[in-house]
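S.K.: Please work out how this folds:
(6 chains)
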Number of protein chains: 6
Amino acid sequence: MQKNTVNYIGCDAEYQDASVVLFGAPYDSTTSFRPGTRFAGQAIRNDSYGLEIYSPYQDKELTEDTVYDCGDLELAIGSSERVLEQIRECAEEILKDGKLPFMIGGEHLVTLGSVRAAAEKYPDMHIIHFDAHTDLRQDYLGVELSHACVMRRCWEILGDGKIHQFGIRSGEREEFEWAKSGHTDFHPFRLDGLEETLEKIGSAPVYFSVDLDVMDPSVFPGTGTPEPGGADFLSVMDAVTKVCGRANLIGCDVNELCPPCDPTGASTAVACKIIREMLIAIVNRN
Amino acid sequence: MQKNTVNYIGCDAEYQDASVVLFGAPYDSTTSFRPGTRFAGQAIRNDSYGLEIYSPYQDKELTEDTVYDCGDLELAIGSSERVLEQIRECAEEILKDGKLPFMIGGEHLVTLGSVRAAAEKYPDMHIIHFDAHTDLRQDYLGVELSHACVMRRCWEILGDGKIHQFGIRSGEREEFEWAKSGHTDFHPFRLDGLEETLEKIGSAPVYFSVDLDVMDPSVFPGTGTPEPGGADFLSVMDAVTKVCGRANLIGCDVNELCPPCDPTGASTAVACKIIREMLIAIVNRN
Amino acid sequence: MQKNTVNYIGCDAEYQDASVVLFGAPYDSTTSFRPGTRFAGQAIRNDSYGLEIYSPYQDKELTEDTVYDCGDLELAIGSSERVLEQIRECAEEILKDGKLPFMIGGEHLVTLGSVRAAAEKYPDMHIIHFDAHTDLRQDYLGVELSHACVMRRCWEILGDGKIHQFGIRSGEREEFEWAKSGHTDFHPFRLDGLEETLEKIGSAPVYFSVDLDVMDPSVFPGTGTPEPGGADFLSVMDAVTKVCGRANLIGCDVNELCPPCDPTGASTAVACKIIREMLIAIVNRN
Amino acid sequence: MQKNTVNYIGCDAEYQDASVVLFGAPYDSTTSFRPGTRFAGQAIRNDSYGLEIYSPYQDKELTEDTVYDCGDLELAIGSSERVLEQIRECAEEILKDGKLPFMIGGEHLVTLGSVRAAAEKYPDMHIIHFDAHTDLRQDYLGVELSHACVMRRCWEILGDGKIHQFGIRSGEREEFEWAKSGHTDFHPFRLDGLEETLEKIGSAPVYFSVDLDVMDPSVFPGTGTPEPGGADFLSVMDAVTKVCGRANLIGCDVNELCPPCDPTGASTAVACKIIREMLIAIVNRN
Amino acid sequence: MQKNTVNYIGCDAEYQDASVVLFGAPYDSTTSFRPGTRFAGQAIRNDSYGLEIYSPYQDKELTEDTVYDCGDLELAIGSSERVLEQIRECAEEILKDGKLPFMIGGEHLVTLGSVRAAAEKYPDMHIIHFDAHTDLRQDYLGVELSHACVMRRCWEILGDGKIHQFGIRSGEREEFEWAKSGHTDFHPFRLDGLEETLEKIGSAPVYFSVDLDVMDPSVFPGTGTPEPGGADFLSVMDAVTKVCGRANLIGCDVNELCPPCDPTGASTAVACKIIREMLIAIVNRN
Amino acid sequence: MQKNTVNYIGCDAEYQDASVVLFGAPYDSTTSFRPGTRFAGQAIRNDSYGLEIYSPYQDKELTEDTVYDCGDLELAIGSSERVLEQIRECAEEILKDGKLPFMIGGEHLVTLGSVRAAAEKYPDMHIIHFDAHTDLRQDYLGVELSHACVMRRCWEILGDGKIHQFGIRSGEREEFEWAKSGHTDFHPFRLDGLEETLEKIGSAPVYFSVDLDVMDPSVFPGTGTPEPGGADFLSVMDAVTKVCGRANLIGCDVNELCPPCDPTGASTAVACKIIREMLIAIVNRN
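M.R.: As a prediction, the model looks like this:
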């Protein structure tokens, strides 16, 4: 009789053998509209059993013994600073062991925890950021540790020109102007320019943060703040595969799936497949 | 301590200062399939707080002091003739004060109330009509004041060639033939030909009626009668911006959002954004 | 044309005329299971229009010009300390003006903000607490400002014997023992003993905190942590009417309705009616 | 190969053989809060296949060849007067053929159509009325043909003392006073007094109108206006069995199930079983 | 008074007059993820009343007296072999009478019953198969009569090169390789190559099996295993019209709609329209 | 870093230390109405984290190191005979190791697998059966391995007078008569007589099968076939505690929770708590 271990499909490696470590960060306390992303990790693991480990798009499999899944962290709900520290510690340990941390949010604020750990090890790192929203506010209703401010907080660590934003289609005028004035490498509305960005970055270390609401709500309605006008599934799948396969990836996250917001389960299926394609691209890169 | 005033985001002008007046017409008594559009105004106001007042598409904002929101009318549920008269009176007052009435349905029948008021002031007016359905029946199950007949009723007021229909993909054979025989300017399936229509209309007054089911149910499932095969969000957003920015608009409505039909809330988000883009285009035209 | 003021039904007094002030505290950042209570105030106001202002149970009405509704506070989502301070300030102002603050949560932590204000004015006050849960933990996952700890925080202000708990049926063994050892006046499982408690308290000032999950999930499924085995509606309605009508009430709250958790809307209807009976009892006491 | 005839379970008699005729009146155009009762007939027929035709409570079966089900009427949606006339004609035909009309609403207004037909044949008839609401308003938002007025309209036909109301727990103060002043035989809150009423009525013809919201929302959340504080299932089942088995029943209806309001389907199951017990009691009376 | 016959809209022919016979196969016992396709036939018939019988795409109608609808079969739930035999017998009878069987699933396994009947009459027949999944496993968790194996079972009857698969984007590596090695005519991801396939098949008899999950979940979320990356509605509508209008069609099915998986109803609307276009194309071919 | 082991709360013992072994049987292929019980085990484990391990009702805890949870079996979906064999083998192994098998269904058919194993070890065993339905049919639509026949199959193993049925309120007349004629110890409608039954059984081995639909749908709507008129939560909790604490229990199951049938989650909370009380009673008996 075996214990009931629940991993993302195919991620059954032992820790010491793994090159990638999956972990969930079930936090949504700063969500400004509809909360519920805390259930994403659980939903993604459960529903991943509807997937195969083979990707016909890449014609590759999620090879055994490469990904370890340590489940969701038990976070200090309601205290953003403590939560970010818990995430930072987890990512730091994974990085220290020479593995790639792959975090499943949670709301987007959780990225800051991972980025803090990554930037400590890789001070020259870049962030590639897919999102519908700028996330560049100085504060949101007086709170600086908010999902609406997470990329601003990252910028405070990394400085100008290190954050490459794609798909952005919502924010305040001031955020758009701040981004365009050179603080970030800003690609509004679409994913165009990704090739050039990847080339420009070259072999510098890259942290990849995917807010799934970069996709259109027709494809991905299950998120707290659906933002019409986004990218379709195949474009995003293609783009994440490119980033994961070509960049010198040192960490990544996929966030903002809110399972209770989509009773059809289609959004969870989309998240599962995006993650599978990312994992396959990562573990098969040379 | 302030009263709990609930407006569509950014629509906080005083009545005397406003050039546009938003009002809701929560009526769905003639809906033939799934009712619930009566909750659209409330849902749209509540969820509009997830939006910014800045449109990166138009690079403009919903400037303060231009739109007044008087909330939903308290309508005589179950009596179409009384309801249409209540709507007509509201629109008449707004028009009389030199402002533009912007109505949020409700089912599509409510358009008739506004059109009656507008046609009194502007007898030569045109209607631009976005919809999945012809709405051209003489009667529906013996009832002439039905959402399925609303454009036929408008035609009785305006006559041939004044109604410009776009996106239509559903109706009886007789309705399609009646439309094509010259009674309306008929553009089935797609939004093609809008440029030409706008040019042809020139500076004549235009009432713009947007049945949101012109969009595909993938984008907008939250409507009583989802009709597959419609337009995508960006095309519709682009088209409504064009009409609102270029035509001599004297009134408009956005209808057929049925919030309980879409528990994901994505349809309400789509309606909110269509309305924001329309308002920004209207208040920023020269 | 009037502004779109959305109040709980019948609560249309001006501030200066009112003896009771309703306000919402839409906070749920420390919710440990399913979040969403932030939408309670909005849902309760919207659905209250399905109620009459007449209670056949009390044979009394919600008399005009007695209750002012200032809507939901705009809270600093994600920062419990700031949120509690915002709530405290609001309650303090209401109390200073000689009115009774009636708060609609949100999760139960919001009670602490009101209690801080009330205890400043009435240091000898008691709390009558209806709940399924003890809420007496010292901390929850390391966080002391948590809904699971709120009565412990209140006890730190008021001391032993001042908190009267009814309906409790869930908690850790340590919490039950701590309560029973005299720290609180503890009435587990049922509402029995309320009469005696009211008599014992006499004319001392009472703050009344109603966690709606004191009711059984059959009656009230729409809450983050449904706890089977609770009281039925009529018992709770009867009990809240008694407290509001007989105690020297100086403040109260009703919390933990999570509208997205109950798509039938029945839970919101229950909350609406509990609030109506409380308000009628308060405004009609001599 | 047989046609796809969809009847309420066991109601497969031919018209000429039947003593009871089931028909649906899918109308909800005057519903004041959440519409959707139009889908009740369809839902009840479909889900009745989860029932057996045997009632262990009565130890009797829905004997074959006694009930004919003619499905839902095709009503003139949006026109109450036409709809009531369609219902009246249907009920009249059934009554003329010496059978008992058993109508499934729809909202409660539909009762008026059946009552008009029944009162023509039985001018001395009584109505036994189970409901949460008085339904005694003179008009609702200016509309007299409204579900909120239906018993007032029936009273205009039958006069004082002929309507026996049970379970009422919601209405305006004026309605309660009007009822208590002798216009109706008024039994608020509970079903107490039914025995005495049945005795008093004796062999006079009785029309029985069951608004299912007489039950508590815990039992029956699937209705447009859930009203906490109602009766439990077994009490209502027992009471309807009594009325159907003992009174000189000449017609009846069961209304206000709103299937989309209860995604669990439990409310439809409750409606199905209430109808089964009524039918078994009717066809087995001597 | 007429019996309550519930047909797909416009399919009211008598059996002897019909050239097409619609029947439902409400079976989902081998569904591997979310069951519920058993309710598809019922939902499609009920919701088809929201459609017109006129297709503006084909400019043709569902002419009267051509399609007979015998409703859903009453299947032996839980026993796949018996169920397949029941379906086979039904299809055999229809084929024997010179009519075309048009089956509405249920899960995809039901296809095997129809194919067994069709292949008996037309041993040289081809299958055109639209699907997201290969359905080519030898067994699934040890079960050979599974939806995941249905095309493999069909191949055992028909042999190499007779099954033409389109839209496939999910399966195990072995399935993809098995298909590509010549066992099936394999068109992954898209519907490209359909024209050539139709030409190649020529006048040979064709059975057409449409798994609706060939469409993207944005269009069709209401299925047990949503598979992102599929075709859009208009492409699929166009393709099914082509197959039905041009091939020597001798039988077909449309399966895998799971109504409870999509509370918006949009998926049912999509299924209804796909079926309408198929029926119109079939009954209007020369 | 630890593996992501997901157990029912507090059930973290190692297999060799445990006296009770929890396992899930996610099978629902013979469900006759709404399937989905396959998701019960997963939902119960996930939501059990909302519970404490302390029961204030019994004033006892789920002591550590007594219960092992081996998760859900991976069953041969669609093949009842294979599935029953898989369950039988699992239960047999647990029994062989001197531990008590505690199964979470799935539909009620799964009981047969466990009973086959238990009856082999304890040929003189009794079954205590809580249910709304008789489950005594010889076959259902021709299928003998059906949830509707499971107690009949058990009777074939155990013979007359060994099955004690409580709460039954639905079935065919023949089933009721068969039961009452002495084949089972039959207690329809209520749980009355449980004390006497326990006394009568004495120290004979008892298998306890709890179909959660013994509870009223107001308490427990989340089941495939809700059956109004059932027991309330506290009565059932009290009764299961009695059976588990007093009988010579050698195996048990809790089945028929259908999580997708109840979006409020209240039914899952009810199931969790019933299981907790059963486990606490079992591990604390002397």
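
S.K.: When you work out contacts or count neighbours from here on, use the C-alpha atoms and nothing else.
M.R.: Fine.

S.K.: tell me the SS of the residue of chain A found nearest chain D?
M.R.: Of chain A, the residue with the smallest distance to chain D, taken as C-alpha to the nearest C-alpha, is A:P263 at 11.6 Å. The local conformation at A:P263, judged by DSSP: H, G, I helix; E, B strand; the rest coil, is coil.

S.K.: quick one: it from chain B, how far?
M.R.: Distance, A:P263 to chain B, by C-alpha to the nearest C-alpha, to the nearest Å: 7 Å.

S.K.: For that residue, give me its contacts.
M.R.: For A:P263, the residues meeting the contact criterion (C-alpha atoms under 8 Å, 6 or more residues apart in numbering or on different chains) are B:P263, B:T264, E:C261, E:D262, E:P263.

S.K.: And it, what's its pLDDT?
M.R.: According to the per-residue confidence, A:P263 scores 96 in pLDDT.

S.K.: quick one, what contacts A:V219?
M.R.: Counting by C-alpha under 8 Å, 6+ apart, A:V219 touches A:D232, A:F233, A:A266, A:S267, A:V270, B:S218, E:P217, E:S218.

S.K.: Report the contact partners of the fifth one.
M.R.: Taking C-alpha under 8 Å, 6+ apart as the criterion, A:V270 is in contact with A:V219, A:F220, A:F233, E:E227, E:P228.

S.K.: CA atoms only: put stretch A:242-257 into CSV for me.
M.R.: Taking only C-alpha atoms (Å, rounded to 0.1, in the frame of the first residue of the first chain), the coordinates of stretch A:242-257 have been written out as CSV:
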residue,chain,number,x,y,z
LYS,A,242,10.0,29.5,-27.0
VAL,A,243,11.0,31.3,-23.8
CYS,A,244,11.4,28.0,-21.9
GLY,A,245,13.3,26.3,-24.7
ARG,A,246,15.7,29.2,-25.7
ALA,A,247,16.3,31.5,-22.8
ASN,A,248,18.8,30.8,-20.0
LEU,A,249,15.9,30.1,-17.7
ILE,A,250,16.7,30.1,-14.0
GLY,A,251,13.2,30.3,-12.5
CYS,A,252,9.6,30.7,-13.5
ASP,A,253,6.0,30.9,-12.3
VAL,A,254,2.5,30.6,-13.7
ASN,A,255,-0.2,32.4,-11.8
GLU,A,256,-3.7,33.9,-11.5
LEU,A,257,-5.7,30.8,-12.2
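
S.K.: And for that stretch, what's in contact with it?
M.R.: Under the criterion C-alpha under 8 Å, 6+ apart, external residues in contact with stretch A:242-257 comprise A:37, A:40, A:100-108, A:111, A:114, A:118, A:198, A:202-213, A:222-224, A:267-268, A:271, A:275, A:278-279, A:281-282, A:284-285.

S.K.: Could you pick out which of these are located in helices?
M.R.: Using DSSP state H, A:40, A:111, A:114, A:118, A:198, A:267-268, A:271, A:275, A:278-279, A:281-282 are the members of the contacts of stretch A:242-257 that sit in helices.

S.K.: Can you name the residue of chain A nearest to chain B?
M.R.: Ranking the residues of chain A by distance to chain B (C-alpha to the nearest C-alpha) places A:S218 first, at 4.7 Å.

S.K.: And for that residue, the neighbour number?
M.R.: The burial count assigned to A:S218 is 32, neighbours taken as other C-alpha atoms under 10 Å in any protein chain shown.

S.K.: Does it touch B:S218 like I think?
M.R.: Yes - with contact defined as C-alpha atoms under 8 Å, A:S218 counts as touching B:S218 (5.1 Å).

S.K.: Between these two, which contacts overlap?
M.R.: The contact sets of A:S218 and B:S218 overlap at E:S218, E:V219 (C-alpha under 8 Å, 6+ apart).

S.K.: so how many other residues sit close to A:E120?
M.R.: A:E120 has 12 neighbouring residues, counting by other C-alpha under 10 Å.

S.K.: residues contacting it?
M.R.: Contacts of A:E120 by C-alpha under 8 Å, 6+ apart: none found.
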